[in-house]
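Visitor: Fold the stuff below for me.
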Amino acid sequence: MVIWAEGSTAKIKPDAPRPAETYVWDGGRIALKAARGEWAPFQLIINSDQARVVSFEIYDLDGPRGKVAAANISVYRELYLPVTWPSVDLATNFTVGEGRGRWPDPLVPVIGHADVAAGENTVFWFDLFVPSDTLSGKYVGKITLRWSGGEYSLPLELAVWDFELSRDGASPFVAAVNAGEVCRLYGVKAEAEDGRAILSKYDAIVKEHGLRPFRPADDAIGAEAALPAEFPPGYAFRDYRLETFADGEAYRELFARLRREGVGVTFKAGGLAGYVDRPAGDHRLVGWALWRFRGDVVTLGDVSYFPRKDAKPLSDDPRNKWGNGAYALTYPGTGLGLNKPLPSVRLKLLREAAEDYAYLSMLSSAGLAAYADELAAGVVPTLPPAGGSGVEADGLYGAREAAAVALVKSEWRQEIAEKVVRGRAVSDDGTAVARAVVRAGPLASVTDRNGDYELRYVSRGRTLAATAPGYERAASSGAGGRGDFVLKQLLRRYVLNGDEEPGDFSDKGFDQADVLADANVAGGPAFVARLKAKRTGELEFRPPLRDWSTFGSLVLELYNGSGGRVSAKVRVTGGGGAFYEEVFLLSPAWRAQARVDLDLARRRFYLKAKGREGDLKFADRPRVDFGDVRDVEIAFEGPGGAEVRVGRVWLEARAD
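Guide: Now for the predicted structure:
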């Protein structure tokens, strides 16, 4: 028995060799990542020297604060179909499939046990659903295979991202459920009760996979099935690269202009979605292409087109006049004595595509539309080509994970921005993490425990994997004992002094006034000082934060309350003594934000005179180490008695 695992975005042929590892399998365990409310499918491949009967025992996945029950995992056996000719699109005469061979597509539910063929790969599709009430973190379980004379256990790990996949609104992915075609397969009449019952099951399986079913007018089939009136009419573009424009941006501009003119844009992806002999990655391209080119709706064709009355869809050559398996995204269960449709590998991959699109939509809703566009452009730079796209599964997984990381950060920004959280840091086995830099990332989570908080890490070997920079050092925060921390959100904006005590400032050269709770430039406490007679003075601020590496700007709220001009020199000093400074001129009664460009400070070189001739040369003066900032100094110069106010001081993340 040779056993291994593969992710969802692969079609495993009968003779495919066992790789050393795959994206979800390291040679010994399966490791998945998903958000709450998301599917995390994978495939298990068995190659046996003889025909066998195997059974699966699936265990609950246990996590630090709960579990994902085994009941959330379904198993299907993939059946192979004999393809004898590559798919050809009739509208364009393009060869759009890879053709000859045995291709996996029908999925048959496994209940209890399943047959394994001799001398070739038998593939099982596992559907793992993450319930919406699952807490973020790592969950660990296993799958045990048993057969006569042996058994094999495969560890299964699931990392749950700290956000829930949004499914708000109607899906833009639509598929036709043709009443006449469906009912013919089951020998019932569409208008009869049993016909309505079977049609409801087809509607349900389409909806379960993130698509929206519709009834085509006049029982039209395939490309002839027009969208009903509730869908936006207008311009339609196909899923094969046109030669009108050389790059994808031109298509985006065209479709944006049409939309401004009130014209809907429909993406016709029946071929990309529907051919059995397309690579797995091509089916997932649908979601990325819909976002990339800003279609309003994507049509995937029919789900039940089997024209031969004597057909055996679970074993016959899938070729029809439209291509191999075109417009047949489900299979009738009649061949197994089941009065319901069976899913296909293509339908599962289209569900993945719909979730890809949901990720990009959520990025846009979180204010990260430009990043969503960047990810989509990387996956689908222009309209897909007629033949195999060549999209690598790793690229799709990587883009999905990049979107997830950005969404996790976005959730943290919203939930605890500018808010102090105190609690206890522990590893996944409950051991306190002492004197560590307390950081939060996609595999860590903060939970409320009766007003207190706990930050839990997910460890990988000896190290802590949750390491997105952005939180202050526990040991220097005054939090105290072993494993305690004080946590502040830094990823978007981190207020350095808005909640601090007056003693955090020193007042060199100033007559210090009181801290006024309502006298800030834009609200909140302000430090108010008056210049002495010598007309100069300095404020020194020592922020508790020790790692500025994730930020691009230091912003200060400054107010000149005098009748004369005051200059403000802002200097940031690192632990090694190197500094960076900028000068701001404050006009009378001037109130605004002074912004220090930290990225400029990181890369600036200095000039100084060297040698007897006084030649100017670049000096390799150490730049400020923003992983170890010591002081922020604000030196003012202006008329004696001038009143200067320093309001909030904060750090802002870079635009990306």
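
Visitor: Please parse this structure into its domains.
Guide: 2-162, 173-401, 417-491, 495-653 (automatic domain parsing).

Visitor: helices or strands next to whichever strand in the chain runs longest in the packing?
Guide: When every strand of the chain is counted residue by residue (DSSP state E), the longest turns out to be strand 150-164. Using 3 or more CB pairs under 8 Å, 6 or more residues apart in numbering; DSSP states H and E as the contact definition, the elements that strand 150-164 packs against are strand 2-7, strand 30-36, strand 61-63, strand 137-147, helix 393-416. The C-beta positions use only the backbone N, C-alpha and C, and glycine is treated the same way.

Visitor: which one of the ones you listed is the most hemmed in?
Guide: When neighbours are counted by mean count of other CB atoms under 10 Å, the highest per-stretch mean among the helices and strands packed on strand 150-164 falls to strand 30-36, a mean of 22.

Visitor: now that strand against strand 2-7, angle please.
Guide: Between the axes of strand 30-36 and strand 2-7, defined by axes from the mean of the first three to the mean of the last three CA atoms, to 10 degrees, the angle is 30 degrees.

Visitor: I'd like the next helix or strand past strand 30-36.
Guide: Per DSSP states H and E, the first helix or strand lying C-terminal to strand 30-36 is strand 42-47.

Visitor: Could you figure out how far that next one is turned away from strand 2-7?
Guide: Following the same axes, to 10 degrees, one obtains 160 degrees for the angle between strand 42-47 and strand 2-7.

Visitor: next structured bit after strand 42-47?
Guide: With DSSP H and E, the next secondary element past strand 42-47 is strand 52-58.

Visitor: burial of the closest residue in space to Leu107 that isn't next to it in sequence, as a residue count?
Guide: In this structure, Leu107 finds its nearest non-sequential neighbour in Tyr76, 3.8 Å apart by CB to CB, 6 or more residues apart in numbering. In terms of burial, Tyr76 registers 23 neighbours under the definition other CB atoms under 10 Å.

Visitor: for the one 4 residues further on, same thing?
Guide: Using other CB under 10 Å, Tyr80 is surrounded by 20 other residues.

Visitor: what bridges to it?
Guide: Beta-bridge partners recorded for Tyr80 (DSSP bridges): Pro104.

Visitor: how about it, what does it touch?
Guide: Taking CB atoms under 8 Å, 6 or more residues apart in numbering as the contact definition, Tyr80 lies against Pro14, Arg102, Trp103, Pro104.

Visitor: didn't Gly37 look like it was pressed against Ser132?
Guide: Yes: contact criterion CB atoms under 8 Å: Gly37 and Ser132 qualify, at 4.6 Å.

Visitor: quick revisit: how is the residue nearest to Leu107 classified with respect to secondary structure?
Guide: Going by DSSP: H, G, I helix; E, B strand; the rest coil, the secondary structure assigned to Tyr76 is strand.

Visitor: That one contacts Val110, correct?
Guide: Yes: Tyr76 lies in contact with Val110 (CB under 8 Å); the separation is 6.2 Å.

Visitor: what's the distance between Ser48 and Lys340?
Guide: The spacing between Ser48 and Lys340, counted by CB to CB, to the nearest Å, is 30 Å.

Visitor: do the same with Leu368
Guide: From Leu368 over to Lys340 (counting by CB to CB), the distance is 40 Å.

Visitor: Next: Asp203.
Guide: Distance, Asp203 to Lys340, using CB to CB: 12 Å.

Visitor: Identify the contacts common to the two.
Guide: In contact with both Asp203 and Lys340: no residue, using CB under 8 Å, 6+ apart.

Visitor: Leu407: which of the domains of the chain is closest?
Guide: Ranking the domains of the chain by their distance to Leu407 (criterion: CB to CB) puts domain 173-401 first, at 5.8 Å.

Visitor: Now do the end-to-end distance for the closest one.
Guide: With CA to CA, to the nearest Å as the measure, the ends of domain 173-401 fall 22 Å from one another.

Visitor: That domain - what's its average pLDDT?
Guide: Throughout domain 173-401, pLDDT has a mean value of 85.

Visitor: same question, stretch 141-150
Guide: Per-residue pLDDT over stretch 141-150 has a mean of 94.

Visitor: who touches that stretch?
Guide: Outside stretch 141-150, the residues that reach it (CB under 8 Å, 6+ apart) are 1, 3, 30, 44, 46, 52-62, 68, 70, 116, 126, 151-156, 158.

Visitor: in stretch 352-367, what counts as buried?
Guide: Taking 16 or more other CB atoms under 10 Å as the neighbour-count basis, stretch 352-367 is seen to contain the buried residues 352-363, 366.

Visitor: Switch the residues you listed over to TSV, and while doing so, append distance to Pro86 to every line.
Guide: Formatted as TSV, these follow (distance: CB to CB, whole Å):
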residue	distance to Pro86
Glu352	24
Ala353	22
Ala354	27
Glu355	29
Asp356	26
Tyr357	28
Ala358	32
Tyr359	32
Leu360	31
Ser361	34
Met362	37
Leu363	36
Ala366	42
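
Visitor: Quick one: neighbours of Arg539, just the number.
Guide: Not Arg; residue 539 is Leu. Neighbour tally, Leu539, other CB under 10 Å: 22.

Visitor: any idea how far the nearest residue in space to it that is not next to it in sequence lies from Trp650?
Guide: Counting by CB to CB, 6+ apart, Leu539 lies nearest to Ile634, which is 4.6 Å off, once chain neighbours are set aside. Relative to Trp650, Ile634 is positioned 14 Å away (CB to CB).

Visitor: Looking at the buried residues of stretch 352-367, which is nearest Gly323?
Guide: Ranked by distance to Gly323 (CB to CB), the buried residues of stretch 352-367 are led by Ala353 at 18.6 Å.

Visitor: need the domains of the chain in CSV with distance to Val408, can you?
Guide: As requested, the domains of the chain are arranged in CSV below (distance: least, CB to CB, whole Å):
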stretch, distance to Val408
domain 2-162, 5
domain 173-401, 10
domain 417-491, 4
domain 495-653, 14
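
Visitor: what about Leu368 and Lys340, which has more around it?
Guide: Between Leu368 and Lys340, counted using other CB under 10 Å, the more crowded position is Leu368 (20 against 17).

Visitor: now the helices and strands packed on strand 150-164 in CSV, with distance to Gly561?
Guide: Formatted as CSV, the helices and strands packed on strand 150-164 follow (distance: least, CB to CB, whole Å):
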stretch, distance to Gly561
strand 2-7, 63
strand 30-36, 50
strand 61-63, 56
strand 137-147, 51
helix 393-416, 34
